[in-house]
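Trainee: Here you go, sequence then predicted model.
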Amino acid sequence: MTPDNLGTDREPAPLVLEGELLPDDESTALLARRSGPEGLRARVAVLVRGVAHAPQISQLRAVAGYRLRQAPRDVVRLGWFFLRGHGRWIAKGWTWATHGDLRADARAARLAGDQEARRTAQETIRADAHARWSKIGRVLHRTLAGGLLVTFLAGVLALVDAQVPRADMWLWLASVYTVLGALAVVGIWVLKAAPLGWLVAAIWEGRDKTPGASWLVRPCREDADSWIDERMISQALAHLGISPLDRFFKNGGELTYTVPARVDGEGTFAQIRLPMGATADMVAAKRTTLAANLGRAALETWPTQGEEAGLLDLWIADKGKLGGGAGPWPLLHEGTVDVFEGVPIGKTQRGHVIYGHFFERNWIVGGRPGQGKTALVRILVLGACLDPTAELWVFVIAQNTDFTPFGPRLTRYQVGMGPDVAAAAVQALADLFSEMERRGKLLATLPGSPPATSRRLADKPAHGLHPLICVISECHELFGHPTHGEQAEKLAISVIKQGRKFGITLVLDTQSPTATSIPKEVTRNTSCGVAFSVADHIANDGLLGSGKYRAGIRATDLRMHTDRGTSVMVGVSDATFELVRGFYVPYSDGVDMVTPVVTRAMTAIDQLRRTGGPTPDDEDQDDEAEQIDHLANVQTALRGERRVRTQVVLTRLAELNPAVYEGWTFQDLSAALADYDIEPVKSGGVKVVRATDVTHALTYRDRLYDTEGDG
């Protein structure tokens, strides 16, 4: 700040730009000489710079700057509110004095020809008038009596105060005069403030009562340009050219906001009850116009249908916020995954981490080439790799190396454009169908007949109920194959419909989501649909489901290259849709951050049994342990009896093989039986082992081993 700027030729004292503002007297005097809007703006700027280190300063700067720019307009608005407030008071007074509301009832009854209702309304008016004037008379009588009493007491107190010095008064009487003096001072200040109170009350009464309208409020947000409130939304909806809305606003209607405009992640969310004749689909069809009215890009404006056709869910992104990435993948350097809980795949439009789930889910991912489709599928597979119990199959019906680093972790992996790869993918679908049947029969035989697999069952390798995830990349090549396409379609639909509860998940990706390349039944029954930038509504609904484009859920608005890595997802959360910026794990020329994660995953499963038998490292370590068949020994210890006390079983086991079972406790026996889902039960007040449970477990185990030997 120069001396010329301050209007004086004296140098101002230095200002502290960080920490608390502490100007000296000379600086304060120089600033005080400034007057008018320029001086106010300068003082606000100094204040803002003086506390620039505080977290709230950017908000303060936005609020102060906005208010200064709008000061002339605010003065005019406040003057209009002041006048309109008096007009509203007069209207309310006239309605009260003339019984306007009751007379309206009588008028409506006369127009309707309802003589009884008209007579009732007129009698109510007369009764109300009589009661009102009686009440006014009582109030006036009491006011007059009270006024006379107060005047008399005031005169007496004034006479006493004039005749008797305070020092000669009784103490209590002097205290009374002290209190009265204080009340007099307060009363004087109240009278002085009364005009200001009248001004504020009139402005408040005359304020704009449109939902969300305000005149001295600025949102506590860093980006002032992103401010969206109910008034702005109402104005935007009023200029969409939708006939029912036009008539509604022309007749002075005010929209009902079931959810007022509020900050929601990196944007603003509101829910509006539309007037009769208007639907959310009508607004969604005018999305581009609505975005222009709100000063946003089409991608930043998402009008969708709420729980009812007349409920509009509207989410508006802050300007420019959707252009940023999601940041590094949380599991890039450490951490494990439970596929029953999901894999972090990106951040929603609200800035929340979204998880991709596998259990009871199937996926279809698509979009134009180069927009992030493969990167998302790679994140899903990479996360599943970090669950040691998950088995992964990948088939790429194209000639690329997108999944080559996953090779050591994959049970099945084929890549190529030849018919052998398509045939292998169809065989995999057939094997999944057979696995569904096996798992369904197995679940029916387990204790309690569980309806679906679970984390507990997946952790028991003997059952073979671990998560099984099959990925078919560029699936349009498979479904459109002249030889294998029809069979692949039938098998895929069966797996998608029935495999979810058995821990079997199918992940499909394509860059050609058309009606001919992706069977409708596949899209209709797939739980999670993901659409990156697509060319038209056919591709949009082919990935996200029928009717999504018409409902305003549109990946067609995603821009090529600009919105790379951003997708529209349905079924991944409780929301109608999510706009997700995906995490990205680099795998390109010279940069490979996928292989280290796969290596970490392989380390995690070194000590776990994989489907089809133990790992090579486990085989040597467990040879001796596998020679002891606890289940068969327990059956021997039962000696053909239907039920045997656990203590007797432990004694007989110790006699059978003292080296192993000597010192076994009830907990050891329970743990050994739990591996086969057998639990000692109570009978006659004691814990027993039932022979039927042991025989059933042995029969199932032998059948399982025979099946594995054949396979």
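Mentor: Thanks, I have it.
Trainee: per-residue confidence for L322?
Mentor: We have a pLDDT of 67 for L322.
Trainee: repeat for Y705
Mentor: 56.
Trainee: OK, contacts around the closest residue to G383 other than its chain neighbours?
Mentor: Nearest residue to G383 in three dimensions, chain neighbours excluded: V343, at 2.8 Å (CB to CB, 6 or more residues apart in numbering). Placement of C-beta: from N, CA and C, glycine included. For V343, the contacting residues are 331, 337, 355-358, 379-380, 382-384, by CB atoms under 8 Å, 6 or more residues apart in numbering.
Trainee: Tell me how far V343 lies from N362.
Mentor: From V343 across to N362, the span is 15 Å (CB to CB, to the nearest Å).
Trainee: Quick check: closest non-adjacent residue to A106.
Mentor: A121 (3.7 Å).
Trainee: hang on, isn't Y661 packed against A637?
Mentor: No: here Y661 does not reach A637: they are 9.1 Å apart, not a contact under CB atoms under 8 Å.
Trainee: List the residues that contact D459.
Mentor: Per CB under 8 Å, 6+ apart, neighbours of D459: T389.
Trainee: let me fix that: A280
Mentor: 274, 303-306, 309-313, 551-552.
Trainee: let's go with 7 Å and repeat that
Mentor: Contacts for A280 (CB atoms under 7 Å, 6 or more residues apart in numbering) come out as 274, 303-306, 309, 311-312.
Trainee: now swap in I397 and tell me
Mentor: Counting by CB under 7 Å, 6+ apart, I397 touches 417, 421-422, 425, 473-475, 477-478.
Trainee: what ranges do the strands span in the stretch 301-450 of the chain?
Mentor: Remark: strands assigned in the stretch 301-450 of the chain by DSSP state E, counting those that start in this stretch are 301-305, 311-317, 343-347, 353-356, 363-366, 391-396, 412-415.
Trainee: Of all those strands, which one is nearest L442?
Mentor: Distance to L442, taken as CB to CB, is lowest for strand 391-396 among these, at 15.9 Å.
Trainee: Quickly find the element holding the residue nearest to A106.
Mentor: helix 115-163 (DSSP states H and E).
Trainee: who wins for proximity to A97 among the strands of the stretch 301-450 of the chain?
Mentor: strand 311-317 (41.7 Å).
Trainee: partners of that closest one in the sheet?
Mentor: Strand pairing for strand 311-317, determined by DSSP bridges: strand 267-273 (antiparallel), strand 301-305 (antiparallel).
Trainee: In the stretch 251-400 of the chain, where is pLDDT below threshold?
Mentor: Low-confidence segments of the stretch 251-400 of the chain (pLDDT under 70): 321-325.
Trainee: remind me which residues of this structure are low pLDDT?
Mentor: Ranges of the chain meeting pLDDT under 70: 1-67, 209-226, 321-325, 515-516, 607-627, 703-711.
Trainee: Now do the domain split for it, please.
Mentor: Following automatic domain parsing, one gets these domains for the chain: 3-69, 73-205, 224-323, 343-604, 628-710.
Trainee: Can you tell me which of these is packed in deepest?
Mentor: Counting by mean count of other CB atoms under 10 Å, domain 343-604 has the highest mean neighbour count of the domains of the chain, with a mean of 20.
Trainee: mind checking how far it is from the chain centre?
Mentor: 23 Å (CA atoms, centre = their mean, to the nearest Å).
Trainee: Pretty sure A270 sits against T258.
Mentor: No: counting by CB atoms under 7 Å, T258 is not a contact partner of A270; they are 8.8 Å apart.
Trainee: just to revisit the earlier point, in TSV: the contacts of V343, plus distance to E521.
Mentor: Formatted as TSV, these follow (distance: CB to CB, whole Å):
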residue	distance to E521
L331	34
V337	30
Y355	27
G356	23
H357	22
F358	21
I379	27
L380	22
L382	29
G383	28
A384	25
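Trainee: And the helix holding A121, what does it pack against?
Mentor: helix 100-112 (3 or more CB pairs under 7 Å, 6 or more residues apart in numbering; DSSP states H and E).
Trainee: One more pass at 8 Å, please.
Mentor: helix 100-112, helix 171-205 (3 or more CB pairs under 8 Å, 6 or more residues apart in numbering; DSSP states H and E).
Trainee: C385 reaches F406, doesn't it?
Mentor: Yes: if you go by CB under 8 Å, C385 and F406 touch, sitting 6.8 Å apart.
Trainee: In three-state terms, label the nearest residue to P275 once chain neighbours are set aside for me.
Mentor: Take P275 and drop its neighbours on the chain: the residue closest to it by CB to CB, 6+ apart is F248, 4.1 Å away. Recorded secondary structure, F248: helix (DSSP: H, G, I helix; E, B strand; the rest coil).
Trainee: Where does the closest residue in space to N293 that isn't next to it in sequence fall, secondary structure wise?
Mentor: Spatial nearest neighbour of N293, chain neighbours left out: A236 (3.6 Å); criterion: CB to CB, 6+ apart. A236 is part of helix 230-238 when elements are defined by DSSP H and E.
Trainee: List the contacts of R166.
Mentor: R166 neighbours (CB under 8 Å, 6+ apart): 174, 177.
Trainee: let's see 6 Å
Mentor: Counting by CB atoms under 6 Å, 6 or more residues apart in numbering, R166 touches A174.
Trainee: and if you look at L380?
Mentor: Per CB under 6 Å, 6+ apart, neighbours of L380: G356.
Trainee: if I look at it, how far off is D509?
Mentor: Using CB to CB, we find L380 at a distance of 10 Å from D509.
Trainee: One more: P586?
Mentor: Taking CB to CB, one finds P586 at 19 Å from D509.
Trainee: Over to R107?
Mentor: 68 Å.
Trainee: go on, L332?
Mentor: Counting by CB to CB - L332 and D509 are separated by 22 Å.
Trainee: Please apply the same query to G306.
Mentor: G306 is 31 Å from D509, where distance means CB to CB.
Trainee: So for L429, which of the strands of the stretch 301-450 of the chain sits nearest?
Mentor: Across these, closest to L429 is strand 391-396 (CB to CB), at 9.4 Å.
Trainee: quick one: strands adjacent to the closest one?
Mentor: strand 412-415 (parallel), strand 468-473 (parallel).
Trainee: Find the helix or strand that R600 is a member of.
Mentor: Per DSSP H and E, R600 falls inside helix 594-604.
Trainee: and that helix, what does it pack onto?
Mentor: Judged by 3 or more CB pairs under 6 Å, 6 or more residues apart in numbering; DSSP states H and E, helix 594-604 is in contact with helix 373-385.
Trainee: List every C-alpha atom in the helix it packs on, with coordinates, as PDB.
Mentor: Provided in PDB are the C-alpha atoms of helix 373-385 (Å, rounded to 0.1, in the frame of the first residue of the first chain):
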ATOM      1  CA  LYS A 373     -12.900 -49.600 -18.700                       C
ATOM      2  CA  THR A 374      -9.900 -52.000 -18.400                       C
ATOM      3  CA  ALA A 375      -8.300 -49.900 -15.600                       C
ATOM      4  CA  LEU A 376     -11.500 -50.400 -13.500                       C
ATOM      5  CA  VAL A 377     -11.700 -54.100 -14.100                       C
ATOM      6  CA  ARG A 378      -8.000 -54.400 -13.300                       C
ATOM      7  CA  ILE A 379      -8.700 -52.600  -9.900                       C
ATOM      8  CA  LEU A 380     -11.500 -55.100  -9.200                       C
ATOM      9  CA  VAL A 381      -9.200 -58.100 -10.000                       C
ATOM     10  CA  LEU A 382      -6.300 -56.600  -8.200                       C
ATOM     11  CA  GLY A 383      -8.400 -56.100  -5.000                       C
ATOM     12  CA  ALA A 384      -9.700 -59.700  -5.300                       C
ATOM     13  CA  CYS A 385      -6.100 -60.900  -5.500                       C
END
